[in-house]
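Asker: Sequence first, then the predicted structure:
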Amino acid sequence: MSRTLLRCHDCNRLLLLGAHNRAPAWRMRAGDLEPVEVPRNDEEEFRRSHARHRLGELSVVNGSFVSEGVWGDPMRVAYFEATDGSGTVTVRRRRTQLDRPVIYEVVPGRLEVRTETVEVQARDIARQIEADLPGLLDAGAVARFIGAVEEIAGGLEPEDLEEVCVDTRDTLVAYARLDEKHVAEILDRIRGEVPADTLSRIHRFILGNTEGDDVMNLVIRRAFFLRDPRGGEPFAART
Ligand SMILES: [Zn+2]
């Protein structure tokens, strides 16, 4: 993705700069057997139609992109921050129709992303223990192990969470790995209840299930809001 947008202050229209603006369009006209190539230069067109207006450039702020819904959905609405060097604005990206170009516009308010919940994948952990360590733990021991994970996860601060990936289906969902210290605390909580070799197998189970969305990773669910810079309660960015 290009990192620069051309902005018309008078019309609040933005154009994402880049080679995609010069990709030719194909049109079928009445009487034609084949679609004809129509050369396109959106940047030139943009500059022409806003010739007497105040133009400026904005750079996309890295890592500020958020959207609701799944990656592949072309109609999803997204927000990100952009800066002209002296101030930061919030940009909304949306489409009004599937066959129309994407619209970028500056919207009022500051983008605010919050962690709403941090969850343990309890049901999936139980299923994975059954698959990886069949018969090793009875149902009570599995429940106590999951209880220990939930207890430790419940006391974590955001800075304790080492994020390993974002859900490919939902940009507001991420997975985080428990660090060594917290893994040790979980093992301490069940140490008295299982034999030493069982404990070390559980330890290996934990370490072996911490990639991507693996069952031992915590699920972080976020939400984003637009906050009025003049104060007041944030309002949901839903459109
Ligand atoms: Zn304009």
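Answerer: Yep, that arrived. Just so it is clear, the structure is predicted and the values come from calculations on it, not from any experiment.

Asker: Just the C-alphas of the top helix by length along the chain, formatted as CSV.
Answerer: Of all segments of type helix in the chain, defined using DSSP state H, the longest is helix 139-154. Extracted in CSV, the C-alpha atoms of helix 139-154 (Å, rounded to 0.1, in the frame of the first residue of the first chain):
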residue,chain,number,x,y,z
ALA,A,139,-11.3,-34.3,33.6
GLY,A,140,-10.8,-32.7,37.0
ALA,A,141,-7.1,-32.1,36.3
VAL,A,142,-7.8,-30.6,32.9
ALA,A,143,-10.3,-28.3,34.5
ARG,A,144,-7.7,-27.2,37.2
PHE,A,145,-5.1,-26.7,34.6
ILE,A,146,-7.4,-24.5,32.5
GLY,A,147,-8.5,-22.7,35.7
ALA,A,148,-4.8,-21.9,36.5
VAL,A,149,-4.3,-20.5,33.0
GLU,A,150,-7.4,-18.4,33.3
GLU,A,151,-6.3,-17.1,36.7
ILE,A,152,-2.9,-16.1,35.5
ALA,A,153,-4.3,-14.6,32.3
GLY,A,154,-6.9,-12.6,34.3
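
Asker: Please state the offset of it from the chain centre?
Answerer: Counting by Cα atoms, centre = their mean, to the nearest Å, helix 139-154 is centred 28 Å from the centre of its parent chain.

Asker: outside of it, which residues touch it?
Answerer: Residues outside helix 139-154 that contact it (Cβ atoms under 8 Å, 6 or more residues apart in numbering) are 118-120, 122, 125-126, 129, 137, 178, 182, 185-186, 189-190, 193-194, 202, 216, 218. (Glycine included, C-beta is placed from N, CA and C.)

Asker: Name the spans of this protein whose pLDDT lies under the cut-off.
Answerer: 1-2, 231-239 (pLDDT under 70).

Asker: Over to the residue nearest to the spatial centre of the chain: give its phi and psi.
Answerer: With distances taken as Cα atoms, centre = their mean, Thr171 lies nearest the centre of the chain, 2.7 Å away. Note on Thr171: its backbone torsions stand at phi -70, psi -10 [degrees, to the nearest 10].

Asker: separation between the closest residue to it other than its chain neighbours and the ion?
Answerer: Excluding the flanking residues, the one nearest Thr171 by Cβ to Cβ, 6 or more residues apart in numbering is Ser67, at 5.2 Å. As judged by Cβ to the ion, to the nearest Å, Ser67 and the ion stand 26 Å apart.

Asker: One more: Trp26?
Answerer: Trp26 is 28 Å from the ion, by Cβ to the ion.

Asker: which residues does that residue contact?
Answerer: Pro35, Val36, Glu37, Val38.
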